[in-house]
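>>> Here is my input, please return the structure:
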Amino acid sequence: MQYRIDKATGNKLSALGQGCMRFPRDKAESESIILTAIEGGVNFFDTAYAYPNSEKTLGEILAKNNKRKDIYIATKLPFILCKSVTDFDKIFTEQLQRLQTDYIDYYFIHSLSNFAQWDSLCKMGIEQWIEEKIKSGKIKYIGFSHHGTCDDFLKILDSYNWGFCMIQYNYYDENYQAGKKGLIAAAEKGVSVIVMEPLLGGRLATGLSNQAVDVFKKANPSRTPADWALHWLWNHEEITVVLSGMSSTQIMESNIRSMENFKSLSDQELAVYSDVIDIFKQSYKVNCTGCNYCLPCPKGINIPACLSSYNSSYAQGYFTGIQQYITSTALLTTKNPSSTLLCNQCGKCEKLCPQYLPIRKDLKRVARRFEPLPLRLLLALIRRFIVGRGGSQ
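Reported below is the predicted structural model:
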């Protein structure tokens with residue numbers, strides 16, 4: 001494992017961190033992931049109050065195996081749930097209980113996307129609350145995660161003495177949200193940068209078209225698309241930790257090997273990414289990362305899965321995409337499938353999307369591609385036959 005010094009704290013952090021948003025439901029597998037990570041040298045674990053069962057799972061496994069002092073825990077305050085300082089304390093206390101710890105190493109203000117949000121928190125007393133928690137030792141260091149424009153990122157960055165920040169960054173999103181400009185600005189201020197979505201919700205690992213994969217293979221057949229994506233990030237000295245939401249022991253072991261094999265990229269290697277990006281742009285139609293913040297949909301639509309199917313239909317072929325769509329909507333196995341046609345344009349999903357996607361328009365595009373009238377009628381007939389012969393009701 002390679003480590004980088006957190007300039008704000010002096011801590012030695014693993015360049016590969018475990019993002020805990022996508023822990024598997026199987027607790028034994030989650031335990032295997034966490035222990036494999038620690039054994040492999042990973043010492044930065046990032047969770048959040050809003051990630052379903054994530055803090056509790058991490059806390060229980062660390063306590064069971066007596067590993068709390070071996071790692072740094074990062075978690076986040078969901079400020080949108082807070083109306084007063086009392087709410088800060090209530091949520092923070094619950095987080096300590098879930099994580100079975102009496103302090104948090106790295107505490108983020110979660111998804112602080114514009115300056116107005118930070119200004120509102122300041123009026124609520126967040127700065128004094130942070131100072132008290134740091135003075136008491138319950139919070140070691142404070143930072144913020146960001147989904148928003150670069151201008152807002154820079155305003156937030158300059159508004160407080162932050163120790164670290166978290167941004168979405170990868171070779172496809174180099175100029176998206178905070179982007180490269182934000183990355184460099186943070187590094188110049190001595191603010192450590194933690195990167196999320198290094199694989200764009202897995203799309204840069206398993207969602208590339210065959211053409212894009214072939215470009216990578218031609219350049220280096222021993223390196224996987226995931227390796228290429230991670231190495232591009234580790235090639236930036238401004239980045240302290242790259243978080244990967246490793247949801248299996250196998251992926252964890254693979255990413256640890258990737259880190260161990262990393263060396264600075266040559267100019268020739270860096271040029272390969274431009275070719276892949278050009279190909280990727282042609283097939284990747286919707287910038288969904290599969291974070292699931294848009295769920296649950298009032299109409300029961302599995303929005304991330306439907307959007308992923310749509311992207312797959314361009315990257316890997318229409319047949320692959322519609323197979324995924326039929327599976328994610330149960331289009332052939334229930335009387336009442338969760339078709340994208342059910343969308344009533346309520347807009348709830350768009351208010352929650354950290355990527356600010358026009359989800360309602362995107363779902364219409366998905367419906368047009370996968371459920372045009374002739375195909376819809378055919379699928380309805382097939383569904384009637386399958387359900388009638390004992391399929392799910």
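>>> where exactly do the strands run in the stretch 51-200 of the chain?
72-77, 104-109, 139-145, 164-168, 192-196 (DSSP state E, counting those that start in this stretch).
>>> what's the fourth one packed up against?
Applying 3 or more CB pairs under 8 Å, 6 or more residues apart in numbering; DSSP states H and E, one finds that strand 164-168 contacts strand 139-145, helix 150-158, helix 179-188, strand 192-196. For the C-beta atoms, the positions are set from N, CA and C on the backbone; glycine is no exception.
>>> at 6 Å instead, please
strand 139-145, strand 192-196 (3 or more CB pairs under 6 Å, 6 or more residues apart in numbering; DSSP states H and E).
>>> And for the third one?
In terms of contact count using 3+ CB pairs under 6 Å, 6+ apart, strand 139-145 is assigned the packing partners strand 104-109, strand 164-168.
>>> Residues contacting it, please?
With CB atoms under 6 Å, 6 or more residues apart in numbering as the test, strand 139-145 has contacts from 9, 104-112, 130, 133, 162-166.
>>> Apply 7 Å and report the result again.
8-9, 76, 103-112, 130, 133-134, 156, 162-166 (CB atoms under 7 Å, 6 or more residues apart in numbering).
>>> From the centroid of the chain, which residue is nearest?
Per CA atoms, centre = their mean, the C-alpha nearest to the average position across the chain is that of E197, at 4.6 Å.
>>> correct me, but it touches N170?
Yes. At 6.2 Å, E197 counts as touching N170 under the criterion of CB atoms under 7 Å.
>>> circling back: of the strands of the stretch 51-200 of the chain, which is nearest D87?
The minimum distance between D87 and these falls on strand 72-77, with 9.4 Å, by CB to CB.
>>> List the buried residues in the worst-scoring helix or strand of the chain on mean pLDDT.
The helix or strand of the chain with the poorest confidence is helix 373-388; it has a mean of 76 (mean pLDDT, DSSP states H and E). Buried residues in helix 373-388, defined by neighbour count with 16 or more other CB atoms under 10 Å: 379, 383.
>>> What of stretch 322-329?
Buried, per 16+ other CB under 10 Å, within stretch 322-329: 322, 324-326, 328-329.
>>> Contacts for it next, please.
302, 305-306, 308-309, 312-313, 332, 337-339, 370.
>>> what about 10 Å?
Contact with stretch 322-329 is made by 300-313, 316-317, 331-333, 337-342, 366-367, 369-371, 375, 379, 382-383, as judged by CB atoms under 10 Å, 6 or more residues apart in numbering.
>>> Thanks a lot, catch you later.
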